[in-house]
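Asks: quick one: sequence plus predicted model below, questions after.
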Amino acid sequence: MASLQVDGMELLFPDDWQVMKYDDSAFHRRQFQSFAGGSKAVDMIALCGDDLWLIEVKDYRRARREKSISIEDEMAGKVRSTLAGLATARVRANDADEREFANRALRTANIRVALHLEQAKHPNRLFPQVVDPFSTQIALKKALRAIDPHPLLVSKHSPGHSAPWSVN
């Protein structure tokens, strides 16, 4: 089972998945991050069969969201920049493994987007619910429809919206 640490959480993926912490990759950090005034990226990319997963992880259980941009606009920008980065990495990455991973990622038939969002299980005044899951899911669908018409918004406790990975 593959696992990655992101934002204080450990995400566990099935054995047949290939995962990369993209925003920490050598290509993104050293070659692409400063492109065009700065490029953001999703936390991780994963390959499973014919699916490319672009996954962002946010943990607001102990910290409040302080960005002025909406979470769906932030996601859309990160997805766009990540796809541009993958297209560039397949021909320009200095690391051969990263170049091959980008090449495999861009040969997939489906692009899936997921926001793994943890919030206070029992919101209170000190740690309120940062985003409303229902309205955020609708906003994500609208913002990302050109890439994935059915993006996932998941958490450890999201009923009916289980992710294909687990979290410790």
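Replies: Received the coordinates, thanks. Numbering: from 1, shown residues only.
Asks: now residue 150, nearest residue through space, not along the chain?
Replies: residue 141 (7.1 Å; C-beta to C-beta, 6 or more residues apart in numbering). The way it works is simple: take the backbone N, C-alpha and C, and place the C-beta from them, glycine included.
Asks: got any ranges where this protein has weak pLDDT?
Replies: In the predicted model of the chain, residues 159-161 satisfy pLDDT under 70.
Asks: what about the strands in it?
Replies: With DSSP state E, the ranges of strands along the chain come out as 2-6, 9-13, 18-20, 44-48, 51-59, 110-118, 152-154, 166-167.
Asks: re earlier: wouldn't the residue nearest to residue 150 be in contact with residue 149 here?
Replies: Yes. Here residue 141 reaches residue 149: they are 6.8 Å apart, a contact under C-beta atoms under 8 Å.
Asks: how near is residue 121 to residue 16?
Replies: 31 Å (C-beta to C-beta, to the nearest Å).
Asks: ditto for residue 22
Replies: Residue 22 is 19 Å from residue 16, by C-beta to C-beta.
Asks: okay, these two: which has more neighbours?
Replies: Taking other C-beta atoms under 10 Å, residue 22 and residue 16 do not tie; residue 22 has more neighbours (25 against 9).
Asks: how many other residues sit next to the residue nearest to residue 85 when sequence neighbours are not counted?
Replies: When the adjacent residues along the chain are set aside, residue 85 lies closest to residue 32, with 4.7 Å between them (C-beta to C-beta, 6+ apart). Using other C-beta under 10 Å, residue 32 has 21 other residues around it.
Asks: same thing with residue 81?
Replies: Neighbours of residue 81 using other C-beta under 10 Å come to 21.
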